[in-house]
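In: pasted the sequence and its predicted model underneath.
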Amino acid sequence: MLIRLDKYLADMGLGTRSQVKELIKKGKININGIVIKDGNLKVDSHKDIVYFEGNPIVYEEFEYYMLNKPSGVISASNDKHEKTVVDLITDKKRDDLFPIGRLDKDTEGLLIISNDGELSHNLLSPKKHINKTYYAELDKPLSKDKADKVCEGVYIEAGVKSMPAKLEYVNDINDTKVYLTIHEGKYHQVKRMFQAVGCKVTYLKRISMGPLKLDDKLQLGEYRRLTIEEVEALKKCNI
Ligand code: URA
């Protein structure tokens, strides 16, 4: 991939475009051993080796993270007043990351953070029906009858019926703790599905999305990079 030197450096977190232009002017950047003072120069990210003060700067077109989202943080890239899920990714290189999908402010669990627009589009497209599994706690036990209704589809607003879903009790029937797998992602989808049968969700956590499972080693607020295999599996799951 051919990319302008100043963009290459800015994308890899060395500073804003004007800051990296200064670094280039000062002769702090070399490519393949030759000091370069022109930020417009095109770098071949697969062949050239770019150094900053002697350290190689490897270009990454895409970054992919798995976050265990805590409650109290909003699913956005940036916000003037509130902490966002992207703010939690403290050692990111790129400044164009965004969450793939949204979890409510009070929902916890699995969220993918990336800058891969194509993957995001494919995972979120309503046509693809990617599975999402949630662990939910309810304010009252869920009877078998109500569970069946949730699985068949309930009206979450006038004229809008949820698609068939899968429900499992965590312990036994009439439990307040359940796993729900859905194939769509409308606003407050899970909360509204339970609300439709008279139950209030008191705690909600996403535990999987397509082939990706929340890594149980991640504490709330922690994240890790996705492995190459996980990224490949996500790319394949929606073909
Ligand atoms: N459904 C909800 O109601 N909330 C979420 O955050 C995710 C799914």
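Out: Here it is on my side, so go on.
In: now do the same for residue 93: helix, strand or coil?
Out: Recorded secondary structure, residue 93: coil (DSSP: H, G, I helix; E, B strand; the rest coil).
In: tally of neighbours for it?
Out: For residue 93, the neighbour count with other CB atoms under 10 Å is 16. Where C-beta positions appear, they are placed from N, C-alpha and C, glycine not excepted.
In: quick one: which helix or strand includes the closest residue to it other than its chain neighbours?
Out: Leaving aside its sequence neighbours, residue 93 sits nearest to residue 13 (CB to CB, 6 or more residues apart in numbering; 4.3 Å). Element membership for residue 13 (DSSP states H and E) is empty, with no helix or strand holding it.
In: now do the SS call for residue 140.
Out: Recorded secondary structure, residue 140: coil (three-state DSSP).
In: relative to the ligand, how far out is residue 19?
Out: From residue 19 across to the ligand, the span is 37 Å (CB to the nearest ligand atom, to the nearest Å).
In: what comes up buried for the helix or strand where residue 230 lies?
Out: Take DSSP H and E as the rule and residue 230 turns out to sit in helix 228-236. Under the neighbour-count criterion of 16 or more other CB atoms under 10 Å, helix 228-236 has 230, 231, 234 buried.
In: what's the neighbour count on the residue nearest to residue 93?
Out: 14.
In: tell me the phi and psi of it?
Out: Residue 13 has phi and psi values of phi 80, psi 20 when expressed as degrees, to the nearest 10.
In: ok, the residue nearest to the spatial centre of the chain - contacts?
Out: With distances taken as CA atoms, centre = their mean, residue 112 lies nearest the centre of the chain, 1.9 Å away. If a contact means CB atoms under 8 Å, 6 or more residues apart in numbering, then residue 112 has 64, 65, 66, 67, 99, 100, 101, 123, 209, 212, 226, 234 as its contacts.
In: ok so it is a strand residue?
Out: Yes: secondary structure of residue 112 (three-state DSSP): part of a strand.
In: any idea what it is bridged to?
Out: Judged by DSSP bridges, the bridge partners of residue 112 are residue 66, residue 100.
In: how close does it get to residue 137?
Out: From residue 112 across to residue 137, the span is 24 Å (CB to CB, to the nearest Å).
In: how about residue 96?
Out: Residue 96 is 36 Å from residue 137, by CB to CB.
In: need the contact list for the closest residue to residue 63 other than its chain neighbours.
Out: Using CB to CB, 6+ apart and skipping residues adjacent in sequence, the residue nearest residue 63 is residue 94, 5.5 Å away. By CB under 8 Å, 6+ apart, the residues touching residue 94 are 11, 12, 13, 60, 63, 115.
In: residue 120 too?
Out: Residue 120 touches 98, 100, 101, 114, counting by CB under 8 Å, 6+ apart.
In: try residue 218
Out: Applying CB under 8 Å, 6+ apart to residue 218 gives the contacts 66, 67, 68, 224.
In: let's go with 10 Å and repeat that
Out: Applying CB atoms under 10 Å, 6 or more residues apart in numbering, we find residue 218 in contact with 66, 67, 68, 69, 109, 110, 224.
In: I'd like those residues as a markdown table, with pLDDT appended.
Out: As requested, the contacts of residue 218 are arranged in a markdown table below (pLDDT from 0 to 100):
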| residue | pLDDT |
| --- | --- |
| 66 | 98 |
| 67 | 98 |
| 68 | 98 |
| 69 | 98 |
| 109 | 98 |
| 110 | 98 |
| 224 | 98 |
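In: out of those residues, which is most surrounded?
Out: Scoring these on neighbours with other CB under 10 Å, the highest-scoring entry is residue 69 at 27 neighbours.
In: grab the nearest non-local neighbour of residue 70.
Out: residue 220 is the one closest to residue 70 (CB to CB, 6+ apart), at 4.0 Å.
In: any idea how far the one you found lies from residue 152?
Out: Look at residue 220 and residue 152: by CB to CB, they are 33 Å apart.
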